[in-house]
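*Asks:* Fold the following for me, if possible:
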Amino acid sequence: MGLILGSGSTKPQYPYDMWYGVQGDFTSKDYKLTRIGNMDLHRTLPIQKKLRRFVENTDGSVKYYLHQNDSRKKDSGAAAKLDTTDGNVMLEKPEYYARFEVEGTKWAMCISEYALPGFVRMTRKTCSPWYGTIDIANNIAVSGCWLQWVGNEIKRDANGFVSLLASATNFRGGSGASDAAKDGTYNSMLGMPRTSISKAGVRPLCKNGTHAGAGRVYTEIAWLQRIEYASMHCQDTYNETLTADGFHQGGLGNGTSVNGTQWNTWGGYRPFIPCGVTAILGNNTGRVAYTIKGWTGGDKVVQVASYRGLETPFEYLWLLADDILIHCSPETADDPGHCTAYGCTDPTKFASPADTSTAIPAGYERITELPTAEGYQWNFGFSYDGFTFPTSVGGGANQGLCDYFWRVAKATANGWYGALLSASAGNGAYAGFGFLNAINRSSYSYAYSGFRLCRF
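*Replies:* Numbers count the residues shown, from 1 in each chain. As a prediction, the model looks like this:
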């Protein structure tokens, strides 16, 4: 079947009208995309509106959905428990159908609620709406929020430090037990995401079918955002106002960007935003001002974004992706120095291979060759398994895909590497939904890398 777009028109010559999407051109570095398909669906966004937070049962089923406009409440309006007492707090990425096509230099990404001819089913997936942490008492990876509020303001003590639920003592993020001395201080790790942990370290803590393979669900949500805003520039200026045609515009901003040196002074690059700061937004897109105490030069206010329930979608912590591995080889007379992305869709087979192993881990399949050099991404390859990877560089902070690709130098490339997504708060314009860091081994862990609890 040919391209679903009508030549020279944004109205497809196609018998079905219940789909919407965006069109781009591989030869263009313009990050703005063209809306195609049913324009009314671009206004109502039926698939994006199905992204919603909920509290899950142990088996992953929905115990109750959270309120559209306030995650502190159940969908019914009754008070919800976000502290894992009722279960993990999760974000549902709905099932829908997608079609990606290329004709000449043009590409199109289209989505539908219906199984239209040529559209492929993208299954329901769930992930934690914010970064996960560890239940110390039970040694299990969880997703929760231990904040207290006074109205819509986070409750703080006389020093301005965040006041948490008493149970937060069992949920220490950062480096875990080694950060206990920070409890009750301006850079306390209680109620924060757990960092300084590798994929292999997280794996045995994921129980009852959960895992840390966030690459696919994160990428699918990224495409929903790109279609909604008709843009590849997720860090573009935040703008709540719709266009004259009723479409969303701009981006999610870069409100969590901080100076790396100051961040290191504050807490050695540890998390500075407690889990669940955007609970007051519910499933809506928006930003919440959060004050960090003890920052260099005095209190620092950051704007914490949430995209339809996905808190801190980028530019906060590096995101571990247990479903992605990268294999790189050095440049030789017989080898140009490849860098190949592999993906795995079976969480029971997630692995951290030995750095120089020559075997491809069971369950991981080759997706695409990555660019031969690092830089801002320009073009990409798309897999119906849900993966998207850069295939060329040459873009910029506001050109092409607008996000950066880091790869190991060809002179030193040697074996298996892990994948880090999103980028940290100190990476500035490099960060975004599409950022890919492939310079660290699969065993990587650091103070500013964390995980999202997933289930699919």
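
*Asks:* so which strand or helix has T126?
*Replies:* Under the criterion of DSSP states H and E, T126 resides in strand 125-127.

*Asks:* Distance check, M122 against P46.
*Replies:* Distance of M122 to P46, computed by CB to CB, to the nearest Å: 14 Å. Placement of C-beta: from N, CA and C, glycine included.

*Asks:* Please identify which of those two sits among more neighbours.
*Replies:* M122 (21 against 15; other CB atoms under 10 Å).

*Asks:* my guess is the more buried one meets E220, correct?
*Replies:* Yes - between M122 and E220 there is a contact at 6.2 Å, judged by CB atoms under 8 Å.

*Asks:* joint contacts of the two?
*Replies:* Among the neighbours of M122, those also in contact with E220 (CB atoms under 8 Å, 6 or more residues apart in numbering) are G386.

*Asks:* Spell out which residues make up each domain of the protein.
*Replies:* Here the domain parsing of the chain from automatic domain parsing is 20-128, 133-196+251-311, 318-455.

*Asks:* Can you add distance to D245 and give the ones you listed back as a markdown table?
*Replies:* What follows is the domains of the chain, written out as a markdown table (distance: least, CB to CB, whole Å):
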| stretch | distance to D245 |
| --- | --- |
| domain 20-128 | 8 |
| domain 133-196+251-311 | 18 |
| domain 318-455 | 23 |
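
*Asks:* Could you provide these in JSON lines, with additional columns for distance to Q235 and mean pLDDT?
*Replies:* Formatted as JSON lines, the domains of the chain follow (distance: least, CB to CB, whole Å; pLDDT from 0 to 100):
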{"stretch": "domain 20-128", "distance to Q235": "10", "mean pLDDT": "97"}
{"stretch": "domain 133-196+251-311", "distance to Q235": "5", "mean pLDDT": "97"}
{"stretch": "domain 318-455", "distance to Q235": "6", "mean pLDDT": "95"}
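
*Asks:* Need the phi and psi values for K182.
*Replies:* phi -80, psi -10 (degrees, to the nearest 10).

*Asks:* and what of G395?
*Replies:* G395 has phi and psi values of phi -80, psi -150 when expressed as degrees, to the nearest 10.

*Asks:* residues contacting it?
*Replies:* G395 sits next to 29, 375-378, 401-402 when contact means CB under 8 Å, 6+ apart.

*Asks:* what's the spacing between it and A80?
*Replies:* 42 Å.

*Asks:* ok, now L91?
*Replies:* Here the distance between L91 and A80 works out to 14 Å (CB to CB).

*Asks:* Between these two, tell me which one has more neighbours.
*Replies:* Set L91 next to A80 and count neighbours by other CB under 10 Å: L91 wins out with 28 against 25.

*Asks:* Then that one would be within a strand, right?
*Replies:* Yes - counting by DSSP: H, G, I helix; E, B strand; the rest coil, L91 falls inside a strand.

*Asks:* residue contacts, it?
*Replies:* 51-54, 126-129, 309-310 are the contacts of L91 under CB under 8 Å, 6+ apart.

*Asks:* rerun at 10 Å
*Replies:* By CB atoms under 10 Å, 6 or more residues apart in numbering, the contact set of L91 is 51-54, 66, 71, 125-130, 143, 217, 221, 283, 306-311, 452, 454.

*Asks:* Helices - which of the residues you listed land there?
*Replies:* In helices, defined here by DSSP state H, the members of the contacts of L91 are 217, 221.

*Asks:* Can you tell me which of the contacts of L91 end up in strands?
*Replies:* Counting by DSSP state E, the part of those found in strands is 52-54, 66, 71, 125-127, 306-307, 310-311, 454.

*Asks:* Closest to I273 out of those residues?
*Replies:* E311 (8.3 Å; CB to CB).

*Asks:* Could you pull up the residues touching that closest one?
*Replies:* Contacts for E311 (CB under 10 Å, 6+ apart) come out as 53, 71, 91, 128-131, 145, 273, 275-279, 281, 288, 304-305, 452.

*Asks:* any idea how far L41 is from it?
*Replies:* Distance from E311 to L41, counting by CB to CB: 26 Å.

*Asks:* And for A137?
*Replies:* 47 Å.

*Asks:* Compare neighbour counts for those two and give me the winner.
*Replies:* Neighbour totals were compared for A137 and L41, and L41 leads with 20 against 10 (other CB under 10 Å).
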